[in-house]
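Trainee: Sequence and predicted structure are below.
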Amino acid sequence: MTKTTQLFVVAAALWIAFGSSAVAAEAPAAAVTIVLVHGALADGSSWRGVYEALSKDGYRVSVVQNPLTGLDEDVAATKRVLDQAGGSVVLVGHSYGGAIITAAGVDPKVRALVYVAALQPDVGESTGELAAPKKTAGNDFRTTEDGFVFIDPGKFVADFGADLPKALGEFMAHAQVPVSSAAFNAKLKVAAWHDKPSYAVIATQDRALDPELARWMAKRAGSKVSLIAGSHAVHISHPQAVARVIEAAARAVQ
């Protein structure tokens, strides 16, 4: 074997070894699908920053677009996305999306739940009953004639996203996706957090969901808690921090 041939063989062996280790490093992330579920008043695009952070780290990510016309319809929309997911799933919900993932999370593909400034209802509870306003934005909600709920646009930024860039907050105030009051009144028939590990991101400056209520729900569910100094829109204002919590849940189920 010539010296040139020997060098080629060594180089090829190193390339194969490096390539194999790179594939092995990427495989765990690729084996988990993250499904992101938005809540009331915003749509799936609110997850963009988190989506980009997770995708950059090698995770497959899908975003649900809920109709917000009723809990059953929103759970069905989430299940349609779960049906397309491969491998293990970490199901993530924001705000009212917490009620959605609590119901949809019984799907056998779902291995863990992550609640981001979100409701964690139990069987027999509804979003409206559980989140009765204390130090929250309850008095700023408005209801349309056909029974859909939104926040007074003049109060939206302070209540929903006080730490968002001004222009973005004002845009979201006028681009709200109202939620059916029927969705808030629907009682849950199942609660996946009883049987699956859960994580809770609590936004300590949340005005839409009382942080003390969020702590109580997380303790009841046995969730691993992460505190972030952010508003109710913490997934928009602190996407990297939220993504780290989701990735911790993903690593635990790999």
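Mentor: Arrived safely, thanks for sending. Residues are numbered from 1 along each chain as shown.
Trainee: which residues of the stretch 101-250 of the chain fall in helices?
Mentor: For the stretch 101-250 of the chain, the helices defined by DSSP state H, counting those that start in this stretch occupy 127-130, 153-160, 166-173, 181-185, 211-221, 234-237, 239-253.
Trainee: Is it possible to get CSV of those helices that adds distance to residue 83 and mean pLDDT?
Mentor: Every C-beta, even on glycine, is put in place using the N, C-alpha and C of the backbone. CSV is the format used below for the helices of the stretch 101-250 of the chain (distance: least, Cβ to Cβ, whole Å; pLDDT from 0 to 100):
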stretch, distance to residue 83, mean pLDDT
helix 127-130, 25, 90
helix 153-160, 31, 96
helix 166-173, 30, 98
helix 181-185, 22, 95
helix 211-221, 25, 97
helix 234-237, 24, 98
helix 239-253, 19, 97
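Trainee: Minimum distance to residue 72: which of these has it?
Mentor: helix 181-185 (8.8 Å; Cβ to Cβ).
Trainee: outside of the closest one, which residues touch it?
Mentor: 40, 68-71, 74, 96, 99, 126-128, 143, 147-149 (Cβ atoms under 8 Å, 6 or more residues apart in numbering).
Trainee: Can you give the distance from it to the centre of its chain?
Mentor: 20 Å (Cα atoms, centre = their mean, to the nearest Å).
Trainee: cool, stretch 141-152 as well?
Mentor: Worked out by Cα atoms, centre = their mean, stretch 141-152 lies 24 Å from the chain centre.
Trainee: Kindly report the same for stretch 61-73.
Mentor: 12 Å.
Trainee: List the contacts of residue 74.
Mentor: Taking Cβ under 8 Å, 6+ apart, one finds 66, 67, 68, 100, 183 in contact with residue 74.
Trainee: what two of those residues have the greatest distance between them?
Mentor: Farthest pair in these, by Cβ to Cβ: 67 and 100, 11.2 Å.
Trainee: neighbour count winner among those two?
Mentor: residue 100 (32 against 13; other Cβ atoms under 10 Å).
Trainee: how near is the more buried one to residue 125?
Mentor: For residue 100, the distance to residue 125 equals 14 Å [Cβ to Cβ, to the nearest Å].
Trainee: again with residue 107
Mentor: With Cβ to Cβ as the criterion, residue 107 and residue 125 are 20 Å apart.
Trainee: do residue 85 as well
Mentor: For residue 85 relative to residue 125 (Cβ to Cβ), the value is 27 Å.
Trainee: now do residue 34
Mentor: In terms of Cβ to Cβ, residue 34 sits 26 Å off from residue 125.
Trainee: Of the two, give the one with the bigger neighbour count.
Mentor: residue 34 (26 against 18).
Trainee: any idea which element that one lies in?
Mentor: Using DSSP states H and E, residue 34 sits in strand 32-37.
Trainee: Then residue 91?
Mentor: Secondary structure (DSSP H and E) places residue 91 in strand 88-95.
Trainee: Direction-wise, compare that strand with strand 32-37 and give the angle.
Mentor: Calculated by axes from the mean of the first three to the mean of the last three Cα atoms, to 10 degrees, strand 88-95 forms an angle of 20 degrees with strand 32-37.
Trainee: List the contacts of residue 103.
Mentor: Residue 103 touches 71, 75, 188, 189, 190, 191, 192, counting by Cβ under 8 Å, 6+ apart.
Trainee: Mind doing that once more with 7 Å?
Mentor: 71, 75, 188, 190 (Cβ atoms under 7 Å, 6 or more residues apart in numbering).
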